[in-house]
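Q: the sequence and its predicted three-dimensional model are supplied below.
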Amino acid sequence: AAYQISLTLPDGVAVDELPVSGASVRVQRESGRVLIETGDVMETLHALSGWAVDRAVEVPDLQVHRPTLEDIYLGLTEPPK
């Protein structure tokens, strides 16, 4: 399963500005957080951290999560919201 990276965008930054080519990116409706799903977590984190440093923006709530088998099962069996 792909890794999930979630974060809140800094003020004034649009989702399409994130350097995450080859990853799935979506905004979670409930929280407004950005969810990035990628198979290459280290490359994606490197691109994100370099991007943030170059623009002098903070991303203090960045989280990385690898779904468990239970997460995957529930995602496949739960009805869409």
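A: Perfect, I can see it now.
Q: all contacts plus neighbour counts: C-alpha atoms, from now on.
A: Noted.
Q: what about the protein, any weak spots by pLDDT?
A: 1, 81 (pLDDT under 70).
Q: determine the longest helix present in it.
A: The single longest helix within the chain, with elements called by DSSP state H, is helix 41-55.
Q: all strands of this protein, in order?
A: 3-7, 24-27, 34-38, 63-65 (DSSP state E).
Q: ok, residues contacting the third one?
A: Residues from elsewhere that reach strand 34-38, judged by Cα atoms under 8 Å, 6 or more residues apart in numbering: 2-9, 15, 20, 22-28, 44.
Q: try it again at 7 Å.
A: Contact with strand 34-38 is made by 2-8, 23-28, as judged by Cα atoms under 7 Å, 6 or more residues apart in numbering.
Q: show me which of those are buried.
A: Y3, Q4, I5, S6, L7, T8, A23, V25, V27 (16 or more other Cα atoms under 10 Å).
Q: okay, the last one and E70: tell me how far apart.
A: It stands for V27. 23 Å (Cα to Cα, to the nearest Å).
Q: check the third one too.
A: Here the criterion is Cα to Cα. By it, I5 lies 18 Å from E70.
Q: which strand residues bridge the residue nearest the centre of the chain?
A: Nearest to the geometric centre of the chain sits I36, at 2.7 Å (Cα atoms, centre = their mean). Beta bridges link I36 to I5, V25, judged by DSSP bridges.
Q: so what's the residue lying closest to V41 once chain neighbours are set aside up against?
A: Leaving out its chain neighbours, the residue that sits closest to V41 by Cα to Cα, 6 or more residues apart in numbering is Y3, at 6.3 Å. By Cα under 7 Å, 6+ apart, the contact list for Y3 reads E37, T38, G39, V41, H65, R66, P67.
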